[in-house]
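Visitor: Task: produce atomic coordinates for the following.
(10 chains)
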There are 10 protein chains.
Amino acid sequence: MLFHVEMQVSLPHDLDPERAAALKLDERERAQALQRSGQWRHLWRLSGQYANISVFDVADAEELHQLLSSLPLFPFMRIEVRPLNRHPSSIHADDR
Amino acid sequence: MLFHVEMQVSLPHDLDPERAAALKLDERERAQALQRSGQWRHLWRLSGQYANISVFDVADAEELHQLLSSLPLFPFMRIEVRPLNRHPSSIHADDR
Amino acid sequence: MLFHVEMQVSLPHDLDPERAAALKLDERERAQALQRSGQWRHLWRLSGQYANISVFDVADAEELHQLLSSLPLFPFMRIEVRPLNRHPSSIHADDR
Amino acid sequence: MLFHVEMQVSLPHDLDPERAAALKLDERERAQALQRSGQWRHLWRLSGQYANISVFDVADAEELHQLLSSLPLFPFMRIEVRPLNRHPSSIHADDR
Amino acid sequence: MLFHVEMQVSLPHDLDPERAAALKLDERERAQALQRSGQWRHLWRLSGQYANISVFDVADAEELHQLLSSLPLFPFMRIEVRPLNRHPSSIHADDR
Amino acid sequence: MLFHVEMQVSLPHDLDPERAAALKLDERERAQALQRSGQWRHLWRLSGQYANISVFDVADAEELHQLLSSLPLFPFMRIEVRPLNRHPSSIHADDR
Amino acid sequence: MLFHVEMQVSLPHDLDPERAAALKLDERERAQALQRSGQWRHLWRLSGQYANISVFDVADAEELHQLLSSLPLFPFMRIEVRPLNRHPSSIHADDR
Amino acid sequence: MLFHVEMQVSLPHDLDPERAAALKLDERERAQALQRSGQWRHLWRLSGQYANISVFDVADAEELHQLLSSLPLFPFMRIEVRPLNRHPSSIHADDR
Amino acid sequence: MLFHVEMQVSLPHDLDPERAAALKLDERERAQALQRSGQWRHLWRLSGQYANISVFDVADAEELHQLLSSLPLFPFMRIEVRPLNRHPSSIHADDR
Amino acid sequence: MLFHVEMQVSLPHDLDPERAAALKLDERERAQALQRSGQWRHLWRLSGQYANISVFDVADAEELHQLLSSLPLFPFMRIEVRPLNRHPSSIHADDR
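Guide: The predicted model follows:
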């Protein structure tokens, strides 16, 4: 099942720089592992923003929430989730 | 270049039914031709809405606007365009 | 899978009264059939509004969109869909 | 009487970790007690968010406010309350 | 139980003038009957708007929705309902 | 003259607890004095929120602003003021 | 007493041109009469909009609403009213 | 003086097609004349929208409003005007 | 040239009280000097808010921005600027 | 390719003054270098705000994001990016 996810990151300016750097590194590693497993299908940066547009390919909402809520930057993100469907005009039987 | 495009369709209830049907058919054919050419890279339906989330893969904003403004349903759509970038944590050299 | 769905109905004042009455009757029958099948799990009226809050229990987003987009009043509704998860503090293994 | 309640939690990043952990534990215990008493009828997590959608089944608004304002995380939540009604198309005499 | 209700009226400019006049007259009579019965406790006009702020004193949300949805101008109004509580700093045991 | 006032209170989580307690006590005493004088005509709690809906009965906007801006919690409140009028359908010559 | 009033005019495109012209003429005459009486203290056009910012100088909200609701274009305007006070840093005893 | 102007065009779907075509032609001619005179300094299309971002170079707000309100499509546009200043970090003495 | 300016002040609760007092005093003196020079034409308090509505009478946007950005409370204000025009229905040749 | 960029700057009041001054200086130097290279085509201040409206002239979204995300004040800015197109009514073959 596909989910459209938009994440806006907002780090407090007084966050300890070392902790911030560690969080970002962990986030990157986690994001790459989830891409390799095929669960984090697309990951794009929004121009000019500390934000991304992503497409997740997971079994259901439970798996999605497990992934999102365990991201190292989760406490600092505003996340919007919208379920996606195959579009009737799509030429792909399985557009991911 | 990739663009994230969200289209919300709103057909007036007093639109002539035959014209509406013809518009939808034309829209579908146009959407499929643009998918075959590779310009309309992804096309998903938003659950419960007469709306889609799309990713376009075009040379620049000029080509994008040409495509969008020539869609048969363009006069009845609210369209939001946001440019996409490769994300620094993406494992794909060229994620489309 | 559970989805939280909010529907706001807005009928044009110049809609033919007979068509409006027929649409409402069809909507009611469809809603009741979907409740009997267990797919439309909860259906509540929002006080003072021509609107409802619903919980759907379906296999996935495809089934949900099939149901919603085939509702007789679909063309006159603004619909918001949000996926629901089991809450970690819920005492129910399967709260529907 | 049924109330639809949406709670968005927002913990300050500089909140003492021990106090945060204690608050969450107390919140969980309180939420479970209210579910057992039948007052907190449904409790769902919104995917990707530190937020829930709940349905309360209480005598009136006074009882509702007593419950909500005594939640340990109340000072850190944005809460929206909307009264629910039986829907005329519901097949349940008493849908909770 | 007290509910805070805000109603914004918006009559289409092409509504038949006689029907509009009849609707307004019926609305007025209904509003006055509900005031006399004590259910429509307060009724104020918002300055410069075709809108009112009201306080209803009813048994529960069911009674409230019955009253509001049967108002002659209901199809032309946007209504917002918010439940009210006794305030801990109120000096009135029963402020209506 | 009547004014409809909505106050949303938002205390910083790192406010000194003793100062917070003193502020709330002062606010309560001030609110009760203004109710006794008849200037703060109605005071209701909004369910589930640290907020109130109030009706003030004062000579003019000057008197209203004097009262509001001297409230102990004024620096921590977002306040919305809307002037009220007698409604043409009111059955009360002087609905307060 | 001073009120800050913002009026946004929105004439339906299918309004009869003669009726529109008559409404505008009446509105102008009424606006000028109220300026001469001193009740409509300031009247400015917002650049690029069919809208104005005005300051009314009236006895109270009742007089204000009488004036505004009797304007010929009232049914076609969205009006926002905000009461004004003398500012503590004003050098004018009576700034109008 | 420079003004930043954003125009969103919204033509009613039941506008007579000949009148619509004539309006667009007039609008185009007027826009080009104002560009030649130097008053309409920049004119860009927003991708995917029937909308433009413009920069006007005029003596003052009076001249700006004269130009904007005399555009043939003015009754069908939502216009937002914001005054621009030389930026302290600009390397142009006169950036137009 | 006239500009309509709305300023919302928001002082952080942990701002040093002496600095806050000094800033307010400076702001007041600056505001009064600009009123005496005729540049700050009107200055009103919005009821119930730490905010003002002002009308500035300056040569152009450059002069306006110089004045606003040099106000002592500028770093703590959200400011909205809108250019004003003579209204065609105004009876004043020069309404300030 | 042209992009319309709006930047709102918001410096925390407790940011170290020396760091703030250094950031501003760096930002200014970077902005001027990008103007000299022709990538930052226009840079205007919005009246009364710590904000700018800019036009960037870059190869694509990748180059744009590189420039924006490397600005010294980037962590303190809210940035909105919108792609621009040549307008069909523009008299300039290449309006920059």
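Visitor: What residue in chain A comes nearest to chain J?
Guide: Going by Cβ to the nearest Cβ, chain J is nearest to residue A:48 of chain A, at 4.1 Å. In this view, the C-beta of every residue, glycine as well, is placed from N, C-alpha and C.
Visitor: list the contacts for residue A:60?
Guide: Contact analysis of residue A:60 by Cβ atoms under 8 Å, 6 or more residues apart in numbering or on different chains lists A:1, C:1, C:60.
Visitor: what about the first one, distance to chain G?
Guide: It refers to residue A:1. 43 Å (Cβ to the nearest Cβ, to the nearest Å).
Visitor: got it, and residue A:4?
Guide: As defined by Cβ to the nearest Cβ, residue A:4 lies at a distance of 34 Å from chain G.
Visitor: cool, residue A:37 as well?
Guide: Going from residue A:37 to chain G by Cβ to the nearest Cβ gives 52 Å.
Visitor: quick one, phi/psi of that residue?
Guide: Main-chain dihedrals, residue A:37, degrees, to the nearest 10: phi -80, psi -10.
Visitor: residue contacts, it?
Guide: Contacts of residue A:37 (Cβ under 8 Å, 6+ apart): none.
Visitor: May I ask which helix or strand encompasses residue A:63?
Guide: Per DSSP states H and E, residue A:63 falls inside helix A:61-69.
Visitor: is any part of that helix close to chain C?
Guide: Yes: counting by Cβ under 8 Å from any Cβ of the partner chain, contacts between helix A:61-69 and chain C involve A:61, A:62, A:64, A:65.
Visitor: Buried ones among those?
Guide: Buried members of the residues of helix A:61-69 next to chain C, scored by 16 or more other Cβ atoms under 10 Å in any protein chain shown, are A:61, A:62, A:64, A:65.
Visitor: moving C-terminal of the helix holding residue A:63, what's the next helix or strand?
Guide: strand A:77-86.
Visitor: what are the pairing partners of that next one, and which direction each?
Guide: Looking at strand A:77-86 with DSSP bridges, its partner strands are strand A:2-9 (antiparallel), strand B:40-46 (antiparallel).
Visitor: Could you check how far residue A:58 is from residue H:51?
Guide: 37 Å (Cβ to Cβ, to the nearest Å).
Visitor: the more surrounded of these two?
Guide: It is residue A:58, of residue A:58 and residue H:51, that has more neighbours when counted by other Cβ atoms under 10 Å in any protein chain shown, with 21 against 18.
Visitor: which stretches of chain A have low pLDDT?
Guide: Low-confidence segments of chain A (pLDDT under 70): none present.
Visitor: longest helix in chain A, by residue count?
Guide: Scanning chain A for the longest helix, with DSSP state H as the assignment, gives helix A:17-36.
Visitor: packing partners for that helix?
Guide: Helices and strands touching helix A:17-36, by 3 or more Cβ pairs under 8 Å, 6 or more residues apart in numbering or on different chains; DSSP states H and E, are strand A:40-46.
Visitor: just checking, next helix/strand downstream of the strand it packs on?
Guide: Taking DSSP H and E, what comes next after strand A:40-46 is strand A:51-57.
Visitor: ok, and what's touching that following strand?
Guide: For strand A:51-57, contacts defined as Cβ under 8 Å, 6+ apart pick out A:1-9, A:38-46, A:64, A:67, A:84, A:96, B:4, B:82, B:84, B:87.
Visitor: and if we set it to 6 Å?
Guide: The set of residues external to strand A:51-57 that reach it, using Cβ atoms under 6 Å, 6 or more residues apart in numbering or on different chains, is A:2-3, A:5-8, A:40-45, A:64, A:96, B:4, B:87.
Visitor: So residue A:78 versus residue F:56, what's the distance?
Guide: For residue A:78, the distance to residue F:56 - Cβ to Cβ - is 37 Å.
Visitor: Kindly report the same for residue A:86.
Guide: For residue A:86, the distance to residue F:56 - Cβ to Cβ - is 57 Å.
Visitor: Between the two, which is the more surrounded one?
Guide: Taking neighbours as other Cβ under 10 Å, residue A:86 and residue F:56 compare with residue F:56 leading, 23 against 17.
Visitor: how close does that one get to residue E:94?
Guide: From residue F:56 across to residue E:94, the span is 20 Å (Cβ to Cβ).
Visitor: Could you do residue A:68 as well?
Guide: Going from residue A:68 to residue E:94 by Cβ to Cβ gives 47 Å.
Visitor: So which of these two has more stuff around it?
Guide: Higher neighbour count among residue A:68 and residue E:94: residue A:68, with 23 against 7, using other Cβ under 10 Å.
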